[in-house]
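Enquirer: Got a sequence here, can you model it:
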Amino acid sequence: MIFSINASRGNDLLVDSFIPRAEARPAEHKHEPGWLLSNRASIAASALAALGFGGLFAYWRRRGRFMAASTSAVMAGALVILAAIMFGEGRTNATQPSPPDVPALSDAPRRLQDGTVFAAKPTQRLLEVRTAAAEPQTIHPAVTLIGRVMADPNRSSIVQSIYGGRVVPGDDGIPRIGQSVRKGDLLIRIEPHLPIADRTTILEKVGEIEQLIAITDNKLRRLRPLAERGAVPQGQVNDLESELEGLRARRETVRNSRTGFEELRASTDGIITAAKVAPGQVIQPQDVLFQIADPSSLWVEALAYDEIGLKQPEAATAMAPNGQQIALSFVGTSRALRQHASVVQFAIPEPPAGLNIGQPLNVMVQTGAPVSGLVVPRNAVVRSGNGENIVWLHTEPERFEPRPVRVAPVDAARVIVAAGINEGEHVVVRGTDLINQIR
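Expert: Modelled structure (predicted):
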């Protein structure tokens, strides 16, 4: 039966088969007239004949006629067996089981014997099954690369100490990971560590400078009254004052070199992605203490074992963890090999939320000569029980047929079908995994 459904939202067809179900009736036992009576009479006659032959057996045995006695015993046994067989057949024919009811067909989704899947229209709407007609296109095939997310070198930085020493937290404590910072913000201070020999040298230097300050100050006090009376030129007094100021400045510089803190500040705007410091920690020069990156400016670095050329590819895409397609912009290819592969870098113009630095990604790079084929969404291709790639075709309103295909990647969301389906066939593009699981 085929029903046509017309509604304001669209038209649809409902196809199903209807088989009337017969009512279960108790089994009727038909017997030929007199059959049961004749069966009982035969059993009784056989039993009486067996008794008679049993009596003859006893009689002939007493008379010494052993041959006749043996014949009577055999005949009595045969009649007893015949009576038992007739009694069993009568009971079997009297109780015949009723034929089983024919099961009625249902709308439950199921896998048919020919491998196709039956799914009624309500089930298709529940599974949100969608189909699309396969149309031929000419497109560049893609090469799959294994890459990882990295920070933009122009928008990221690291924080290191030049001299090393002990970590002294600032007024707000040590910055935590994930904290936003601005360029020039104070992160921590480093108290330099001086060996005993260096400290002794600094103390000796400070003592020498203080001795020179005392000598210069005494000369200045003696020459100042003489200069007021004109006995000494005023220029000598001015030179001594300048020399005294310079010695005091040198003394402060030497003292601060022992107790001055090294301030570590952020070099770029962004968030702190790594922090490897603790209050009181003693660090060495060039230790990486903080890593700062801008989450709105990320790159992808991939390794290409195939030759993709140094020219800019036609297009490049990647797939986010949530299934979102990420558009990539080609940056460049390195001529130096790493792990026997070329390094290819891409920029992400609009990084999606939740993308982390160091996260692996599959990068699809379209390169090479264009090819023709049927382009379908990547979700339309699933694995069958034997591991081959298949698509599900919508052959009838409520029937789906699996079809093995040979595919090649196009980008993060599409593949090109090189063989297996024809132009115009309706391919399931949504809900394919659910149909593939129907058994």
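
Enquirer: which regions of this protein sit below the pLDDT cut-off?
Expert: Residues of the chain meeting the criterion pLDDT under 70: 1-57, 59-105, 197, 257-259, 307-311.

Enquirer: all strands of the stretch 151-300 of the chain, in order?
Expert: Secondary structure of the stretch 151-300 of the chain (DSSP state E, counting those that start in this stretch): strands at 156-160, 165-169, 180-181, 186-192, 262-265, 270-275, 282-283, 288-293, 298-304.

Enquirer: My error: substitute the stretch 301-439 of the chain in the last question.
Expert: According to DSSP E, counting those that start in this stretch, the strands that the stretch 301-439 of the chain contains are 315-319, 325-338, 341-348, 360-366, 371-377, 382-383, 389-396, 399-404, 406-409, 414-419, 426-430.

Enquirer: Count the neighbours of residue 107 for me.
Expert: Other residues near residue 107 number 13, with proximity taken as other CB atoms under 10 Å. (Each C-beta comes from the backbone N, C-alpha and C, glycine too.)

Enquirer: Can you report phi and psi for it?
Expert: When quoted as degrees, to the nearest 10, the phi and psi of residue 107 stand at phi -90, psi 10.

Enquirer: ok so, going back, for the strands of the stretch 301-439 of the chain, which one sits closest to residue 112?
Expert: Residue 112 lies closest to strand 399-404 among the strands of the stretch 301-439 of the chain, at 8.0 Å (CB to CB).

Enquirer: now the angle from the closest one to strand 414-419?
Expert: For strand 399-404 against strand 414-419, the angle between stretch directions is 80 degrees (axes from the mean of the first three to the mean of the last three CA atoms, to 10 degrees).

Enquirer: Describe which strands strand 399-404 pairs with in its sheet and in which direction.
Expert: Under the criterion DSSP bridges, strand 399-404 sits next to strand 117-118 (antiparallel), strand 389-396 (antiparallel) in its sheet.

Enquirer: Now the residue most central in space within the chain: closest residue in space, sequence neighbours ignored.
Expert: The residue at the geometric middle of the chain, judged as the C-alpha nearest the mean C-alpha position with CA atoms, centre = their mean, is residue 321 (6.5 Å). Excluding the flanking residues, the one nearest residue 321 by CB to CB, 6 or more residues apart in numbering is residue 354, at 6.8 Å.

Enquirer: number of nearby residues for that neighbour?
Expert: By other CB under 10 Å, 11 other residues sit near residue 354.

Enquirer: what about it, distance to residue 322?
Expert: In this structure, residue 354 and residue 322 are separated by 7 Å, where distance is defined by CB to CB, to the nearest Å.

Enquirer: related to what we said a few turns ago, nearest to residue 129, of the strands paired with strand 399-404?
Expert: strand 389-396 (8.2 Å).

Enquirer: tilt between the closest one and strand 426-430?
Expert: Angle, strand 389-396 to strand 426-430, by the same axes, to 10 degrees: 120 degrees.

Enquirer: Now do the buried residues in strand 389-396.
Expert: 389, 390, 391, 392, 393, 394 (16 or more other CB atoms under 10 Å).

Enquirer: Next: stretch 190-201.
Expert: Counting neighbours by 16+ other CB under 10 Å, one finds that the buried residues in stretch 190-201 are 190, 191, 192, 194.

Enquirer: That one spans what distance, first to last residue?
Expert: 22 Å (CA to CA, to the nearest Å).

Enquirer: and it, how far out from the chain's middle?
Expert: In this view, stretch 190-201 has its centroid 54 Å away from the chain centroid, taken as CA atoms, centre = their mean, to the nearest Å.

Enquirer: Show residues contacting it.
Expert: When contacts are taken as CB atoms under 8 Å, 6 or more residues apart in numbering, the neighbours of stretch 190-201 outside the stretch itself are 161, 163-168, 202, 258, 260-264, 282-283.

Enquirer: Could you report the separation of residue 191 from residue 200?
Expert: In this structure, residue 191 and residue 200 are 19 Å apart, going by CB to CB.

Enquirer: for residue 398, same thing?
Expert: As for residue 398, its distance to residue 200 is 95 Å (criterion: CB to CB).

Enquirer: Residue 146: neighbouring residues, count only.
Expert: Around residue 146 there are 13 other residues, counting by other CB under 10 Å.

Enquirer: With residue 173 instead?
Expert: The local packing count at residue 173 equals 9, with neighbours defined by other CB under 10 Å.
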